[in-house]
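S.K.: sequence isn't available, so here's the structure alone:
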């Protein structure tokens with residue numbers, strides 16, 4: 001966290017007793033030295049948040065030299081300009097390696113099958129690169145893994161059922177890829193999963209209901225069926241985004257048990273029926289978007305009592321009756337009810353005309 005510039009010195013390897021090397025948050029450029037393997041006692045190597053790399057596709061050779069560092073526990077190179085194919089030699093990194101951060105670079109290629117050798121990993125971050133291919137079945141052998149970040153790459157194919165073997169997983173970021181197929185039933189093994197982000201893929205089928213998450217984002221897929229009928233298992237959830245899918249049926253009454261909810265997005269689905277009375281329990285909610293569904297009935301007056309509500313979008317449904325007037329409904333800039341032809345009310349942006 002300084003303003004150092006220039007290249008990393010090749011002579012670094014002469015300091016053979018080094019155990020910790022941290023050059024993070026500076027402005028170093030160029031290649032990473034290839035002779036780091038002589039630092040046999042190295043347990044932390046951190047060059048994150050620099051401008052290292054040539055963008056010529058040959059910047060990751062230094063990873064092979066680090067396979068000689070048998071005590072290495074932390075390896076972080078994220079947020080640089082490192083370009084190249086992820087070498088198969090990462091499978092030969094220290095079996096004591098606990099943290100591997102390679103995200104926010106220009107890495108391409110596939111995840112080597114030998115990733116299963118890194119048995120001590122509890123954080124693997126490969127997100128924001130250009131990696132592709134399928135997720136190897138061997139990933140399920142990393143049973144100590146607590147955080148897996150593959151977001152915003154070009155991964156494809158189905159999620160292997162073996163991923164359910166990683167029962168300690170608490171953070172799963174798969175969003176912004178090309179995964180498809182249904183969610184493996186083994187997802188239900190994740191009792192610690194707090195943040196499953198799988199949005200912007202091509203997943204389909206129904207949503208599993210066993211995951212007890214704090215934040216969940218499944219938006220931008222092709223999920224069908226009812227929405228989380230056992231959602232009472234998620235009573236600690238604070239954010240849920242199930243928007244832009246093909247979910248149908250009614251909003252489940254059990255959603256009202258999620259009293260920690262602050263953000264709820266279900267727009268762009270095929271939901272029908274009324275907004276259930278049980279949602280009056282969501283008094284801490286800050287943003288609620290149910291737009292572009294087939295919901296009907298009256299807009300609940302209890303929404304007037306939601307003092308923390310800052311954004312409400314009920315547009316393009318089939319609501320009828322009067323628009324409430326108190327609470328958030330006093331501020332036309334924070335709500336939208338357009339596209340409900342049966343609504344009536346003296347409302348700010350309607351030029352004081354009745355909607356019906």
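M.R.: The structure has been received and is ready for your questions. Source: prediction; values computed, not measured. Numbering: from 1, shown residues only.
S.K.: how about residues contacting the one helix or strand in the chain whose mean pLDDT sits lowest?
M.R.: Here the helix or strand of the chain ranked lowest by mean pLDDT, DSSP states H and E is strand 195-197, holding a mean of 85. When contacts are defined by CB atoms under 8 Å, 6 or more residues apart in numbering, strand 195-197 is touched by residues 151, 170-175, 187, 190, 211, 213-218. From N, CA and C alone the C-beta is placed, and that goes for glycine too.
S.K.: same question, stretch 68-79
M.R.: Counting by CB under 8 Å, 6+ apart, 19, 24, 32, 36-50, 52, 66, 93-94, 96-105, 120, 125 sit against stretch 68-79.
S.K.: can you check stretch 106-114 too?
M.R.: Counting by CB under 8 Å, 6+ apart, 53, 55, 60, 81-88, 90-92, 126, 129-136, 138-139 sit against stretch 106-114.
S.K.: filter the residues you listed to the buried ones?
M.R.: By neighbour count, with 16 or more other CB atoms under 10 Å, those hold 53, 60, 82-84, 86-87, 90, 92, 126, 129, 131-132, 135-136, 138-139 as buried.
S.K.: low-confidence bits of the stretch 101-250 of the chain, can you list those?
M.R.: In the predicted model, the stretch 101-250 of the chain carries pLDDT under 70 at residues 188-192, 208-212, 228-234.
S.K.: quick one: residue 308 from residue 334, how far?
M.R.: Computed with CB to CB, to the nearest Å, the distance linking residue 308 and residue 334 is 12 Å.
S.K.: same question, residue 162
M.R.: According to CB to CB, residue 162 stands 46 Å off from residue 334.
S.K.: got it, and residue 37?
M.R.: Taken as CB to CB, the span from residue 37 to residue 334 is 59 Å.
S.K.: among the buried ones among the contacts of stretch 106-114, name the ones in helices.
M.R.: In helices, judged by DSSP state H, none of the buried ones among the contacts of stretch 106-114 are found.
S.K.: related to what we said a few turns ago, which of the contacts of stretch 68-79 fall in helices?
M.R.: Among these, no member falls in helices (DSSP H).
S.K.: list only those of those residues flagged as buried.
M.R.: By 16+ other CB under 10 Å, these give 24, 32, 36-37, 39, 42-50, 52, 66, 93-94, 96-105, 125 as buried.
S.K.: among those, name the ones in strands.
M.R.: Among the buried ones among the contacts of stretch 68-79, the members found in strands (DSSP state E) are 44-46, 52, 99-101, 125.
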